[in-house]
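Asks: what's the 3D shape of this:
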Amino acid sequence: MYLMPHIVLLGDSIFDNAGYTAAGPDLISQVRKLLPGGWHATLLAIDGATTDDIAAQLQRVPTDASHLVLSVGGNDALMNSNILHTPVESSSQVLGELADISRSFEKDYRVAVQGCRELRLPLTLCTIYNGCFVDPGLQRSISTALMVFNDVIIRVGVELGLTVIDLRFVCSSPADFANPIEPSSCGGAKMARVIVNTLSIPAQNNVARVVIS
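Replies: Presented below is the predicted three-dimensional model:
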């Protein structure tokens, strides 16, 4: 018997954005509206989740799930945001601290991704978008610091032959954000369109691809 595709969204508030859309539709509603007839979508992502929380989300994946989409890491980055304000004596000290953060995040991210892969379903990863901060200097610093996390996500995706959606290209204008770090209904609509379009085109086994629109 042929089962219709069932997309499951895992991660944090990048997908679980209902609390930030005001009167507009949230991302999961927009995904469902765009899906071909007979397809289904389930939201398991939870606002505030980190890589450590993905294992619990995976316990609730429906038995008829056919595709997983993972967007996590933004809150892990927030937990390390103190590096932006910590006094240092040299640039080498900053680079050393960033290297330590990268190593720790990669360890946790790989555990989350491995948990997803154990379900033996097609898996798509998402990078962390850069957000929208009023202060140009702060925006520049945050965008640069996030490269450490996004490098991990893209490297893991390429290594494992997975599809990676680079949300830095998808959510790139002020209208895409309800506040500096949360997606608006407009941003959710863009992500929903990319997710549905990406999953509608079957990926080749073990061939990595990075999607930017």
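
Asks: and the residue most central in space within the chain, what does it touch?
Replies: The centroid of the chain falls nearest to S71 when counting by Cα atoms, centre = their mean (2.2 Å). When contacts are counted by Cβ atoms under 8 Å, 6 or more residues apart in numbering, S71 touches 9-12, 14-15, 45, 125-126, 167. Every residue, glycine included, has its C-beta placed from N, CA and C.

Asks: Now the buried members of those.
Replies: Among the contacts of S71, those buried by neighbour count (16 or more other Cβ atoms under 10 Å) are 9-12, 14-15, 45, 125-126, 167.

Asks: L35: which of the residues you listed is nearest?
Replies: Of all the buried ones among the contacts of S71, L35 sits closest to L9, with 12.2 Å by Cβ to Cβ.

Asks: Assumed that closest one was part of a strand.
Replies: Yes. Counting by DSSP: H, G, I helix; E, B strand; the rest coil, L9 is found in a strand.

Asks: and for the helix or strand bottoming out on mean pLDDT in the chain, what are the contacting residues?
Replies: Counting by mean pLDDT, DSSP states H and E, the chain has its least confident helix or strand at strand 209-211, which shows a mean of 83. Residues outside strand 209-211 that contact it (Cβ under 8 Å, 6+ apart): 154, 157-158, 163-166, 194, 198, 203.

Asks: got it, and stretch 10-25?
Replies: 9, 26-28, 33, 43-50, 54, 57-58, 68-72, 74-75, 116, 126, 128-129, 167, 178-179, 182-189, 191.

Asks: Put the buried members of these into a ChimeraX selection.
Replies: Buried residues within the contacts of stretch 10-25, by 16+ other Cβ under 10 Å, are selected in ChimeraX with:
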select :9,26,27,28,43,44,45,46,47,49,50,54,57,58,68,69,70,71,72,74,75,116,126,128,129,167,178,182,183,184,185,186,187,188,189,191
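
Asks: Take the contacts of stretch 10-25 and keep only those in strands.
Replies: Using DSSP state E, the subset of these located in strands is 9, 43, 68-71, 126.

Asks: possible to save these as CSV with pLDDT?
Replies: Formatted as CSV, these follow (pLDDT from 0 to 100):
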residue, pLDDT
L9, 98
L43, 98
L68, 98
V69, 98
L70, 98
S71, 98
C126, 98
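
Asks: Most widely separated two among the residues you listed?
Replies: Using Cβ to Cβ, the two most remote members of the ones in strands among the contacts of stretch 10-25 are L43 and C126, lying 14.1 Å apart.
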